[in-house]
Structures are given as structure tokens and as C-alpha cells.
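> Return a 3D structure for these sequence lines:
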Amino acid sequence: MPSFAFYFHADVFEHKRQLLRAGMGVVIDHVGATPRLPFKDIAAGDELFIVGLSGNHLHLAGRLVAADRPMSRSEALARTGRQDLVDKALICLANPASVDVFRPDLRLPAEVARELELFNSDGAPIRTEGMRQGRFELNVLRSCPRLSDASAAQLRQLLGQGSAAETRVAAAQASVEAMSSIEARRGPAALRTRLLQAWGGRCAVTGCAVEDLLEVAHVTPAAPAAAERLGDAVVLRSDIHTLFDLGLMTVDDQCHVRVSPQLRDSEYWAYNGRAIQHPESAARAPSFS
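From the prediction side, this is the model:
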């Protein structure tokens, strides 16, 4: 599979660090860029290693395996129902089976950074004499250069990826654990089915209609039998559900969403004050008091 280096600006790194400090899990589930080569020619299964620059140190934030070709932002919005996608012309979504976590402070060892083998979109080697002397050129990093197989293997190893066999085993184990966790978050099947029907298969806050991302949530303090009750249960997109669990989102007595000031500079602040959507059947309306 072709491998590329994808540059994250220092501001992006800092924003994601702020989310981590707020107790939020940060994953690399999409990236965005302008329509430039070779980014626009990325295909399903290609991998992008997310890098950043701090001083003269190269950081490795994680790895994205493309689910599909990069698409227009409007197409990505329609496909995912998300409003928090990066504001770029082209969006590349990650394969859900291999979404990676964001690593805020993983510095590439100098010897690895110096020996990276990079190529232009036409396959011509990029001159890296400056890199070998510890000088990293932003124009090179921003061009989404292709990595040699050897360099990609080194970066995978730094991210905790083992041999191909070990990676497959780890991926299979992670998949089982992830599915177990997802099923638990989605809630009891019977209750989830009732709520999905009541809300027309949409998140009560964002309107997202991607069913695989929707979970049963209780937005007031849960009683021991909360998992089975309908009273204050709603359908929420998974990341919104997490924010409710962390106390970073709540619903007031007028059924308006209240977002913690900690998230004022994040994309979630747009939901502050938004009226929570009601189910299609008034008889199923939850109580938030």
C-alpha cells in the first residue's frame, strides 16, 4: 500500500492537545487538504502518517488508513452527517476498522527523521540534504510526499505496529474488544431500536443519520436501572454521548444544549444553546428534569 507523510500545522496539534487536557479522546478519523497532488490521488487502503514540526523536531501524531478516495467536503458532510469536519476543500475519511488515536508528543528520533526517504507525486526522490542536517522544509512536508516502504515500516514501528502477522492479530483482538465496547455504548438492543424509531434514526443534538455512530444516552444522572429505562433516554452521536458522560455537555430545563466553557474554542461550541430535537412521537418525549 502506498504511504504518505501528511503535515499537521502546530495550531492543529495544540487544539487537539487542548481536547486531550479536557479529558476527551482524540482520534485521527479524517484529514483535509486543498486539491493538490498527491493528496487528491490517494486511494482506499493508502496510509497517511500524520507529522508535525516543533522547532527542529519532527513529531509523529498517528496514522490514517484511507477508507476511500478524498472527496469534497460537501460529499463528506452528506456521507457522515458530521459538522465538525475540518474546513478544507477535500476530505479523506479513515477506515473505521483502523482509526488511530492522536499522539500529542511522540517525537521522531533524530536518526529516523534524518533518514526518511521521500518522493514527489511523479516518483522522483526529494532532495533531503537539509533534513539530514536537522533542517525540515515546510514546503516538502506540506506537499504530502510519498514515503519509501522502509521509511513507512519505521514509522509503523514507532506507532506500536509490529510485524504484519502481529499487526493482524492485534487488529483482530482490537476489533473484538472495540465491538464489545461499541455494543455496550449503543445500549440494549430493544431500547436502542425503540429510540431509533422515535428519533427517526437521527442524533437528537446534531441530526447525524449515520446509524453506526448513534448510541442510547441518558442525559440526567442515571439510576441503577438506567440502561433499561426510556424516561430520559435519547439518541446521540457517539462523540456527543461522550461529552455528556464527561459533563462537558448538558441539557437545561428548556431542552437546550449547554456546552462547557472548556469547549468554547472547539467545534462543539456551535451546539451551545441549540434546542434538542424531539422525537417524532410526542408520547416518547424524554424528561430532562
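> mind listing what the residue lying closest to A152 once chain neighbours are set aside touches?
The shortest distance from A152 to any non-neighbouring residue, by C-beta to C-beta, 6 or more residues apart in numbering, is to S3 (3.6 Å). Every residue, glycine included, has its C-beta placed from N, CA and C. Counting by C-beta atoms under 8 Å, 6 or more residues apart in numbering, S3 makes contact with D46, E47, L48, F49, R146, L147, D149, S151, A152, L155.
> low-scoring stretches of the protein, by residue?
Screening the chain residue by residue with the criterion pLDDT under 70, one finds the ranges 37, 130, 132-134, 161-189, 219-232, 280-289.
> Tell me how it divides into domains.
With domains defined by automatic domain parsing, the chain comprises 3-161, 186-284.
> Pick the one among the contacts of S3 closest to H256.
Closest approach to H256 among those (C-beta to C-beta): L48, at 38.5 Å.
> tell me the SS of the closest one?
Reducing the assignment at L48 to three states with DSSP: H, G, I helix; E, B strand; the rest coil gives strand.
> Contact partners for it?
The contact partners of L48, taken as C-beta under 8 Å, 6+ apart, are S3, F4, A5, F6, V31, I42, R63, L64, V65, A66, C92, C144.
> Any buried residues in stretch 114-124, and which?
Within stretch 114-124, the residues scored as buried using 16 or more other C-beta atoms under 10 Å are L116, E117, L118, F119, S121.
> My read is that K16 contacts V27, right?
No: distance between K16 and V27: 9.8 Å, which falls outside the contact criterion (C-beta atoms under 8 Å).
> neighbour-wise, which of those two wins?
Counting neighbours by other C-beta atoms under 10 Å for K16 and for V27 shows that K16 has the greater number, 20 against 15.
> got any residues that touch both of K16 and V27?
Between them, K16 and V27 share the neighbouring residues F102, with contact defined by C-beta under 8 Å, 6+ apart.
> Quick one: classify the closest residue to W199 other than its chain neighbours as helix, strand or coil.
Once its chain neighbours are removed from consideration, W199 has its nearest residue in V235; the separation is 4.5 Å (C-beta to C-beta, 6+ apart). When the structure is split into helix, strand and coil by three-state DSSP, V235 lands in strand.
> With the one 4 residues further on instead?
In terms of secondary structure, D239 is helix; the call rests on three-state DSSP.
> got the CA positions of stretch 70-79 in CSV?
Below are the C-alpha coordinates for stretch 70-79, written out as CSV (Å, rounded to 0.1, in the frame of the first residue of the first chain):
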residue,chain,number,x,y,z
PRO,A,70,-10.5,12.1,-0.9
MET,A,71,-13.9,13.7,-1.5
SER,A,72,-15.4,17.1,-1.5
ARG,A,73,-16.3,18.5,1.9
SER,A,74,-19.9,18.6,0.9
GLU,A,75,-19.8,14.9,-0.1
ALA,A,76,-18.1,14.0,3.2
LEU,A,77,-20.7,16.0,5.2
ALA,A,78,-23.5,14.2,3.4
ARG,A,79,-21.9,10.8,4.0
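> in that stretch, what's buried?
Within stretch 70-79, the residues that count as buried by 16+ other C-beta under 10 Å are P70, R73, A76.
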